[in-house]
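Student: Quick one, fold the following:
(one chain, ligands or ions: 1)
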Amino acid sequence: MENSESKESSQCVRVAVNIRPLVTSELLVGCTDCVTVVPGVPQVQIGSHAFTYDYVFGSVGQPSSLIFDECVAPLVDALFHGYNGTVLAYGQTGSGKTYTMGTNYNGEEHNGGIIPKVMETIFTRVEAMKCSTEFLIRVSFIEIFKEEVFDLLDPNTPSFSKSDGVYLAKPTGPARAPIQIRETVNGGITLAGVTEAEARTKEEMTSFLLRGSLSRATGSTNMNSQSSRSHAIFTISMEQKRSASCRTGVVQDDVGDDILCAKLHLVDLAGSERAKRTGADGLRLREGIHINKGLLALGNVISALGDEKKRKEGGHVPYRDSKLTRLLQAWKHFVSSHLNTQ
Ligand SMILES: Nc1ncnc2c1ncn2[C@@H]1O[C@H](COP(=O)(O)OP(=O)(O)OP(=O)(O)O)[C@@H](O)[C@H]1O
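Tutor: Predicted structure coming up:
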C-alpha cells in the first residue's frame, strides 16, 4: 500500500502470528504450550529459537480479538480507496487458520472470524455512503483441491439444505468440473467461467460464504477432525461510482467521475502437515502431498519476490510451479498482508 506517507502503512507485506489456546483433545493427552511470547516485543520463542513478526496475538501477546482491527481493517479501508489487498492465513494443520479467517462460517453461531467482520465493515460503510456513491460488490469463492481449481459458488452444484436444525451432508452428485486458469493477451490471469455473484447486502454476501464453506473439501486427520483439504480463496470485488443524484456536497476524491475498482482476497490455505503426525494414508496422504507441494511453491515464490537483488535483476519467480502461485501471479502487485497462525 503506497497511499500513505507513514512507514508502517507503506510496508507492502506485514506478518502477524496468532497463537491459539490448546484445544480439549490436546489437553486430554497432556499437551502443554511450547510457544513463549517475549513481553513488550512482537517476538515468540520456541525452545532456543526466537522469531520476530509485525504483530503477535493470542497467549500473552495482544488479544486475538484485535487481529481484525490491527491487520485487516486498514485493508478494508484501502479497498474503498481503490487499493487491492490480500490476507493469507498460513500455518500447520490444526493451528487455527479456518477459525481465524471465519471460512467455516455455518450461518448460525456468532462468528468472530475475519471474513464475517470484513463483510460487516464493508456494508456498514456502504450504507453510510450510499447517497453519494453507487456500489457494485461481487464475490467469488474458489478452492484449490489436489491441484485443481473449483468454483465453490457454482450454481450447478446442489446447495445444502437444512433439516431439523442440522445441515445435511455434502451432496454426492456428479463430479465437479475444474475451472481453467487462462492467460489474457496482456499477460493477466483469469479464471474461465468462475461465478462472480453480486452481493447487495451483508446477508447476501453471508449466504455466499455459507454456501461455499459447506462445499469445501474437508476430512479428518489425527491432528484435526475437520481439516481443510484445500486452499480456499474468498474474493470481494468492489466497483464505486459517484452517484449522479448526489446532493450532499461530500466529494470523495478517490472516486471522481470514474469507476473505482479494487479487490480484497481472503485466503485460508490448507495446513502444512507431516504424514507421520496426521496419520494420513491412502487418499488423505495424497491430498497432503498436494497441499505440501502447493505450500512449498508458495514459499519459493515469496522468497523470490522478497529477494531484492534477484528482483532488481529481473530474476525468475517460479509462479508456474502450482495453481496457487499462478493465481498469486495475478495478485502480485497487491499482496498487502500475510497472516500466519501457530
Ligand atoms: N483462537 C482459537 N480459540 C479457540 N479454539 C480455536 C482457536 N483457533 C482454532 N481453534 C480450534 O482449533 C481446532 C483447529 O482449528 P482450525 O480447523 O481452524 O485449524 P486449521 O489451521 O484451519 O487446520 P487445517 O489446516 O487442518 O484445516 C478447531 O477445533 C478450532 O475450533
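Student: Please report phi then psi for the residue in the stretch 51-200 of the chain that the ligand sits nearest to.
Tutor: Going by Cβ to the nearest ligand atom, the ligand is nearest to G96 of the stretch 51-200 of the chain, at 2.9 Å. For the C-beta atoms, the positions are set from N, CA and C on the backbone; glycine is no exception. Main-chain torsions, G96, degrees, to the nearest 10: phi 110, psi 20.
Student: and the gap between it and A175?
Tutor: Distance of G96 to A175, given as Cβ to Cβ, to the nearest Å: 31 Å.
Student: When those two are compared, which one has more neighbours?
Tutor: Just comparing G96 and A175: by other Cβ atoms under 10 Å the higher neighbour count belongs to G96, 21 against 5.
Student: so that one touches R20, yeah?
Tutor: Yes: assessed by Cβ atoms under 8 Å, G96 is found in contact with R20 at 3.9 Å.
Student: Show me what counts as buried in stretch 306-324.
Tutor: For stretch 306-324, the buried set under the neighbour-count rule, 16 or more other Cβ atoms under 10 Å, comprises V317, Y319, D321, S322, K323, L324.
Student: neighbours around the closest residue to the second one other than its chain neighbours, how many?
Tutor: Nearest residue to Y319, sequence neighbours excluded (Cβ to Cβ, 6 or more residues apart in numbering): Q329, at 4.1 Å. The local packing of Q329 (other Cβ under 10 Å) involves 16 other residues.
Student: Could you look up the SS state of Q329?
Tutor: What DSSP: H, G, I helix; E, B strand; the rest coil gives for Q329 is helix.
Student: And the pLDDT at it?
Tutor: Q329 is assigned 77 on the pLDDT scale.
Student: For it, which residues are in contact?
Tutor: Q329 makes contact with I189, V317, Y319, according to Cβ atoms under 8 Å, 6 or more residues apart in numbering.
Student: Contact residues of this structure facing the ligand?
Tutor: 20-21, 23, 64, 91, 93-99, 224, 226-228, 270-271 (Cβ under 6 Å from any ligand atom).
Student: Give me the buried subset of the residues you listed.
Tutor: For the residues of the chain next to the ligand, a neighbour count by 16+ other Cβ under 10 Å gives the buried set as 20, 64, 91, 93-99, 224, 227-228, 270-271.
Student: Now intersect those with the helices, please.
Tutor: K97, T98, Y99 (DSSP state H).
Student: quick one: least confident of the buried ones among the residues of the chain next to the ligand?
Tutor: N224 (63).
Student: Enumerate every residue touching the residue of the chain found nearest the ligand.
Tutor: With Cβ to the nearest ligand atom, the shortest gap between the chain and the ligand falls at G271, namely 2.4 Å. Residues in contact with G271 (Cβ under 8 Å, 6+ apart) are G91, Q92, T93, G94, S95, K97, M223, N224, S227, S228, I291.
Student: Can I get those in TSV including distance to A78?
Tutor: TSV is the format used below for the contacts of G271 (distance: Cβ to Cβ, whole Å):
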residue	distance to A78
G91	24
Q92	29
T93	31
G94	31
S95	27
K97	23
M223	35
N224	33
S227	32
S228	27
I291	30
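Student: Out of those, which is nearest to S207?
Tutor: Checking the contacts of G271 against S207 by Cβ to Cβ gives S228 as the nearest, at 20.4 Å.
Student: who's that closest one bridged to?
Tutor: Assessed by DSSP bridges, S228 has beta-bridge partners T218.
Student: my guess is it meets T98, correct?
Tutor: Yes: between S228 and T98 there is a contact under Cβ under 8 Å: 5.5 Å.
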